[in-house]
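**Student:** Please work out how this folds:
(one chain, ligands or ions: 2)
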Amino acid sequence: MVTLADLQVRSLGPCTVPSPLSHYVGGRATNEYYVGEDDRVLFDDTVELIQRRGLPLEELPTFETGGPRARLFFDPGSVRVGVVTCGGLCPGLNDVIRAIVMELHEHYGVRDVVGFRNGYAGLVPGLGLEPVALTPDFVANIHERGGTVLGSSRGAQDVGVVVDTLQARGIDILFVIGGDGSMRGAHRIAEEATARGADIAVVGVPKTIDNDIPHIGQSFGFQTAYSRAAQSIKAAKIEAEASLNGVGLVKVMGRHAGFIACYSALAGHDADFVLIPEVPFALDGDNGLLEHVRRKVAAQGHAVLVVAEGAGQEHLPHDGATDASGNARLADIGRLLRERITDDFTSRGEEVLFRYFDPGYFIRSVPAEPSDSVYCSRLAQTAVHAAMAGRTDMVVGRRRHRFVHVPISYVTHRPHHVSPDGDLWLSVLESTAQPFDMR
Ligand SMILES: Nc1ncnc2c1ncn2[C@@H]1O[C@H](COP(=O)(O)OP(=O)(O)OP(=O)(O)O)[C@@H](O)[C@H]1O
Ligand SMILES: O=P(O)(O)OC[C@H]1O[C@](O)(CO)[C@@H](O)[C@@H]1O
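**Tutor:** Ligands and ions are numbered 1, 2, ... in the order given. Below is the predicted model of the structure:
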């Protein structure tokens, strides 16, 4: 008998290795084309990586190609599917939910899909969070709204209890839409299911507006988020320009990575300073930020700063506080900069008009823009194809225009960072290092 274990993604290993896919339950999707069962993608950046490390050519890592398989592991007529969204919000969550439901319904004829409410908490009995039936009617217009119709949450859940619930409800496939924490949770659920001998496919669609997930190209919702942040920067510019000695500061999200700050600044060319977690900066002294801001205002009459929330943490006291999921609570760099810049001008007897913008929750709660919407749908479709073909413990991603299957462990190690020197290749190397070292 074929089990999920026979069908798993093996992204590490020689590209000549025969596919592990050799037995199937049967069935066909109603798609017009099928991905060859052995199709794998070899990316040139990984070739370069391996060559730099001096590893033999036959160990090149490959990624399984995403797309519909001709033969399925689950019977569309009887498969039961669950969907859950966890962690912080992100534009496009509803698009992903909608596309999962529609793909299952339209292309596979799957009728039994439920949404677990408020993240993994919805898989814990006794909290009054009954799953909701996800039908085409229910999801028809949800993409027009920001947020997630399923709700979300942070905080720890017992993986044993979660798998108990999946088994009790007869769930065969669980789609997890969430960030790195959610993917760690998904991995543990997949492991626990395997340990119990339960054929439950767990497939992730990675999410974060911070865009710091390695191996998947840009994360969905990021483009919408930075486009909106760019509007705040534009507003800061207009306010600062119109004032005598105007200083505009825009604080955006980005705990560990400054992608939103950088891309939103690049989108409008209105920012004079962009501060990101990847680049420490001095506040005081001749080469400190305060002096640079003062000079910029003296030269052009105003200045605009964009700061990612994780930047400049070295200048702030930390109390070790964490959120419900154990993520460190950052100290407020925006407030510190407002105080220090204002004090700096005042202490010199100079006037300053400071305008502070924090579009954080606004930019992540809006509906996805069209390009993100399309991307969400394609990720969701890839996830459905993978799950129906019996893949588990994996996420979907788009690397260099190809939709691929990526083992979860690839995306939970070493977040992707802005490469301050512009060396994208090196940042790929960094984000790739951990999985390779694990071999
Ligand atoms: N290390 C972990 N092991 C198992 N499960 C985890 C782990 N970390 C988080 N989770 C689960 O994933 C859920 C979401 O995690 P978290 O709050 O860190 O958000 P996230 O998925 O990282 O998204 P975001 O990018 O918005 O922070 C938690 O509620 C928890 O159930
Ligand atoms: O306030 P919340 O909901 O915990 O989320 C904030 C965090 O979520 C993120 O957007 C990641 O999803 C971080 O940049 C940010 O610090």
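**Student:** which of the residues in the longest helix along the chain are buried?
**Tutor:** What stands out as the longest helix in the chain, according to DSSP state H, is helix 222-242. Buried residues in helix 222-242, counted by 16 or more other C-beta atoms under 10 Å: 222-240. (Each C-beta comes from the backbone N, C-alpha and C, glycine too.)
**Student:** Quick check: which helices or strands does that helix pack against?
**Tutor:** strand 246-252, helix 259-268, strand 302-308, strand 353-357, helix 360-365, helix 370-388 (3 or more C-beta pairs under 8 Å, 6 or more residues apart in numbering; DSSP states H and E).
**Student:** Skipping its backbone neighbours, what lies nearest P367 in space?
**Tutor:** The shortest distance from P367 to any non-neighbouring residue, by C-beta to C-beta, 6 or more residues apart in numbering, is to G146 (4.9 Å).
**Student:** check contacts around that neighbour.
**Tutor:** Going by C-beta atoms under 8 Å, 6 or more residues apart in numbering, G146 touches L89, P91, N94, S365, V366, P367.
**Student:** Likewise for V41?
**Tutor:** Going by C-beta under 8 Å, 6+ apart, the list of residues near V41 reads T62, F63, E64, T65, R399, R402, V404.
**Student:** Throw the residues you listed into TSV and include neighbour count, thanks.
**Tutor:** Formatted as TSV, the contacts of V41 follow (neighbours: other C-beta atoms under 10 Å):
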residue	neighbour count
T62	20
F63	25
E64	26
T65	17
R399	17
R402	14
V404	28
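**Student:** sorry, back to before: show the overlap between the buried residues of helix 222-242 and what lies near ligand 1.
**Tutor:** Here nothing survives when the buried residues of helix 222-242 are matched to ligand 1 using C-beta under 6 Å from any ligand atom.
**Student:** Name the residues of this protein found near ligand 1, please.
**Tutor:** Neighbours of ligand 1 within the chain, by C-beta under 6 Å from any ligand atom: 86-88, 119-120, 153-157, 178-182, 184-185, 188, 208, 325, 327.
**Student:** Please identify the helix or strand for P68.
**Tutor:** P68 belongs to no helix or strand when assigned by DSSP states H and E.
**Student:** Report how many residues lie close to it.
**Tutor:** P68 is flanked by 23 other residues according to other C-beta atoms under 10 Å.
**Student:** Quick check: it vs I408, distance?
**Tutor:** Remark: distance between P68 and I408 (C-beta to C-beta, to the nearest Å) = 22 Å.
**Student:** and what of H385?
**Tutor:** Here H385 is placed at a distance of 17 Å from I408 (C-beta to C-beta).
**Student:** Same check on L123?
**Tutor:** Distance, L123 to I408, using C-beta to C-beta: 17 Å.
**Student:** What about E144, how many residues nearby?
**Tutor:** Neighbour count of E144, defined by other C-beta under 10 Å: 12.
**Student:** which ones are touching it?
**Tutor:** Residues near E144 by C-beta under 8 Å, 6+ apart: P367.
**Student:** since we're on whichever residue of the stretch 301-439 of the chain sits closest to ligand 2, how many residues are nearby?
**Tutor:** Closest approach between the stretch 301-439 of the chain and ligand 2, counting by C-beta to the nearest ligand atom: D323, at 5.2 Å. By the criterion of other C-beta under 10 Å, D323 has 12 neighbours.
**Student:** again, but for P125
**Tutor:** By other C-beta under 10 Å, the residues close to P125 number 11.
**Student:** Sketch out the low-pLDDT regions of this protein for me.
**Tutor:** 1-33, 37-38, 44-51, 53-61, 422-439 (pLDDT under 70).
**Student:** interface residues of it facing ligand 2?
**Tutor:** Along the chain, the residues adjacent to ligand 2 under the rule C-beta under 6 Å from any ligand atom are G87, G88, G179, T208, I209, D210, M253, G254, R255, E309, D323, R364.
**Student:** list the contacts for the closest residue to the fifth one other than its chain neighbours?
**Tutor:** Setting aside the residues directly before and after it, I209 is nearest to A225 in space (C-beta to C-beta, 6+ apart), at 4.2 Å. Shown in contact with A225 (C-beta under 8 Å, 6+ apart): C90, P91, I209, M253, I260, I363, R364.
**Student:** and G204, which of the helices and strands packed on helix 222-242 is closest to it?
**Tutor:** With C-beta to C-beta as the criterion, G204 lies closest to helix 370-388 of those, at 7.7 Å.
**Student:** that older thread, from the residues of the chain next to ligand 1, list the buried ones, please.
**Tutor:** Buried residues within the residues of the chain next to ligand 1, defined by neighbour count using 16+ other C-beta under 10 Å: 86-88, 119-120, 153-154, 157, 178-182, 184-185, 188, 208, 325, 327.
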